[in-house]
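Asker: pasting a predicted model and its sequence here:
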Amino acid sequence: AQRVTQPEKLLSVFKGAPVELKCNYSYSGSPELFWYVQYSRQRLQLLLRHISRESIKGFTADLNKGETSFHLKKPFAQEEDSAMYYCALLGGGYNKLIFGAGTRLAVHP
Amino acid sequence: DTAVSQTPKYLVTQMGNDKSIKCEQNLGHDTMYWYKQDSKKFLKIMFSYNNKELIINETVPNRFSPKSPDKAHLNLHINSLELGDSAVYFCASSQESYFQETQYFGPGTRLLVL
């Protein structure tokens, strides 16, 4: 079964602390994984996708096929990073995105 | 110059009513989607259309009926609204339906059923 698991509902850190938002997936084929971000009451925006290997707003994510993980990391959190983060897997053909439950990141001053 | 737009932004209505949410994209994309975000912020795909043809139809009550008059529009009509339909509904679009294209999301429509 295709599934995305984000085990943490809430991650609370202080400004300047490192951040790691966990994402594990279950998929039989070669996965295509994304991180989307939703700032307060705003639309979802693509943060990054593993195929492009970019670093956006200081965030990176590495696909680990052995651990079936795609954790999102940032070395120094900023208050403006506070948002809801969704890990998503492209599966089942037809560009169907399967989302994890989301992790709320709260960065405190 | 909004890429994916939805109307209305907010919708408050009584149980049993019928309502529609509209979505338009000006990106020239071929594929559009509807997602539901529930009160726990869980996001799930409902439907997808490619060039006006339904290609994804998840397990959604048949009170929900998508309609695509052209490839730039995908509307969602909901009959006999129930309390559990209260959620934020997001429209999205992508260039292709099968080639792992990035999806661009609309601002969402907050539906509250009383």
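Answerer: All right, it came through fine.
Asker: residue 66: neighbouring residues, count only.
Answerer: Picked chain A for this. Applying other C-beta atoms under 10 Å in any protein chain shown, we find 5 residues neighbouring A:G66. Heads up, the C-betas are built off the backbone N, CA and C, glycines and all.
Asker: wait, I meant chain B there
Answerer: Neighbours of B:P66 (other C-beta under 10 Å): 21.
Asker: got it, and the one 4 residues further on?
Answerer: B:D70 is flanked by 9 other residues according to other C-beta under 10 Å.
Asker: spell out which parts of chain B neighbour chain A.
Answerer: Contact residues (C-beta under 8 Å from any C-beta of the partner chain) of chain B with chain A: B:4, B:31, B:33, B:40-45, B:48, B:50, B:55-56, B:90, B:92, B:94, B:96-108.
Asker: do that again at 7 Å, thanks
Answerer: Contact residues, chain B versus chain A (C-beta under 7 Å from any C-beta of the partner chain): B:31, B:41-45, B:48, B:55-56, B:90, B:94, B:96-98, B:100-103, B:105-108.
Asker: B:V12 sits in which helix or strand?
Answerer: strand B:10-13 (DSSP states H and E).
Asker: run me through the strand neighbours of that strand, direction for each.
Answerer: Here strand B:10-13 has these sheet partners by DSSP bridges: strand B:109-113 (parallel).
Asker: buried residues, the least confident helix or strand in chain B by mean pLDDT. List them.
Answerer: Here the helix or strand of chain B ranked lowest by mean pLDDT, DSSP states H and E is strand B:53-57, holding a mean of 84. Using 16 or more other C-beta atoms under 10 Å in any protein chain shown as the test for burial, strand B:53-57 gives B:55-56.
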